[in-house]
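Novice: Predicted model, plus sequence, below.
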Amino acid sequence: MNGIIFVYNADSGLFNTLTDIAHKVFSPETYSCNLCAITYGNFGMRQEWKEFLETLEIPMQFLHRDEFHERYGMQGLALPAVLLQEGEQLRLLVSADEIGRCADMADLKGLLQEKLK
């Protein structure tokens, strides 16, 4: 499969989701996943982000840290990250540092569009 893999710097599961929501609400400046902070509200993916992703017309996966490690076995990758999957190969498309420098959704969308050219 070829496509994009979005990897969040958060683990899956109900408890982790509730903890992340509380963290974003009460201490957003220390929240460790800027990809989550920009693309998700407290109760789901932001509509603007969802609509933007639909324009890309490329297969996508959205994985939490634990799901990514289990599925691909890659350790040591700074998260969050966006990867490009080309066959069995994974290539870093957008790094954690680049995502961290995004101030808002417009920055993230522009960065992703630039990298996909």
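Specialist: Structure received.

Novice: Residue 7: neighbouring residues, count only.
Specialist: 25 (other CB atoms under 10 Å). The way it works is simple: take the backbone N, C-alpha and C, and place the C-beta from them, glycine included.

Novice: what does residue 85 give?
Specialist: 18.

Novice: helix/strand/coil for it?
Specialist: Following DSSP: H, G, I helix; E, B strand; the rest coil, the label given to residue 85 is strand.

Novice: Ok, residue 76 next?
Specialist: Following three-state DSSP, we place residue 76 in the coil state.

Novice: and what of residue 112?
Specialist: helix.

Novice: Quick check: closest non-adjacent residue to it.
Specialist: residue 94 (6.4 Å; CB to CB, 6 or more residues apart in numbering).

Novice: burial count for that neighbour?
Specialist: 22.

Novice: Pull the contacting residues for it.
Specialist: If you count contacts by CB atoms under 8 Å, 6 or more residues apart in numbering, residue 94 has them with 81-82, 111-112, 115.

Novice: All good on my end, thank you.
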